[in-house]
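Enquirer: Starting from these lines, generate the structure:
(one chain, ligands or ions: 1)
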Amino acid sequence: MSGGDELHPNAARGGRTPAHRAAGPRRGGPGEREACALRAGAVRPDPREPSDDLPRLGLGESANPDINANGNPHYWFDVKYAKVYVERIRDALVTADPAHSAGYRSRATSYLADLDRLDAEIRAKVTQIPPARRKLVTSHDAFPYYAAAYGLSVVGFTQPEEGKEPSPAELADLVELVKKEQVPAIFSEAQVSPRLAETLAREAGVKTIVTDLPTDSVGAPPADSYLGMMRVVTDKIVQALR
Ligand SMILES: [Zn+2]
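Expert: Model (predicted):
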């Protein structure tokens, strides 16, 4: 990566990795942290297995007091955390390749400014949703940081454990909760079958279903970069809830 032309904290390209599916981790457990970190913390934006001689930038182990070291791995959904990724990547590249440090620093500074603009843009868009409708039901527990940062609440998810079907009792509980909270829309992730979301929406009387919400990886344009993915996610949420 000489010259650092690809200094972006993007999730790795492509769909979900086999590790993400195979891990079957408990929500927020170490397995999920590791699976999602394959994308979130990768220095190289490609799906190759990281080799042991590359530095690992585990955001969950960050010394930054804002980072919840024991929590849910979906840090990138709060732009404030994405900025920490960029700073850590910048610092690691400067250490690994000091001859190009000026370039790494200037591109990181520019990208951090892009992230500040993105953050302001998301905040402005979310204000288009009436406060009582700022409620998320998604496929898995990917949005706690997004919700906390941008003023929404997470009502629930159709997969209480990522990659697993809910029990009939869990689904029935979620149907009741969605009715009680008058959730305006059900979101299903782009790489997940929409069947559960459709069942939930039908049983809870929710008319709006979004079946292509990007979550754990970048996707087709315009969601093919971190900035693009965050804009697509926000636009889909705002359009469905407002
Ligand atoms: Zn995930």
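Enquirer: Number of residues surrounding Ala113?
Expert: 10 (other Cβ atoms under 10 Å). For every residue, glycine as well, the C-beta is placed using N, CA and C.
Enquirer: Reduced to three states, what does it come out as?
Expert: helix (DSSP: H, G, I helix; E, B strand; the rest coil).
Enquirer: quick one: it from the ion, how far?
Expert: 28 Å (Cβ to the ion, to the nearest Å).
Enquirer: What's the separation between that residue and Tyr146?
Expert: 21 Å (Cβ to Cβ, to the nearest Å).
Enquirer: which residues of this protein fall in strands?
Expert: Taking DSSP state E to define them, one finds strands in the chain at 135-138, 153-157, 185-189, 208-213.
Enquirer: low-scoring stretches of this structure, by residue?
Expert: Applying pLDDT under 70 to the chain picks out residues 1-52, 54-71.
Enquirer: Next up, the contacts around Leu177.
Expert: Val155, Gly156 (Cβ atoms under 8 Å, 6 or more residues apart in numbering).
Enquirer: Can you give the domain ranges for this structure?
Expert: Using automatic domain parsing, the domains assigned to the chain come out as 32-124, 129-241.
Enquirer: what's the most buried one of the ones you listed?
Expert: Each of these was scored by mean neighbour count; the highest is domain 129-241, a mean of 18, by mean count of other Cβ atoms under 10 Å.
Enquirer: which ones are touching the most far-flung residue of the chain relative to its centre?
Expert: Distance from the C-alpha centroid of the chain peaks at Ala99, with 33.2 Å (Cα atoms, centre = their mean). Taking Cβ under 8 Å, 6+ apart as the criterion, Ala99 is in contact with no other residue.
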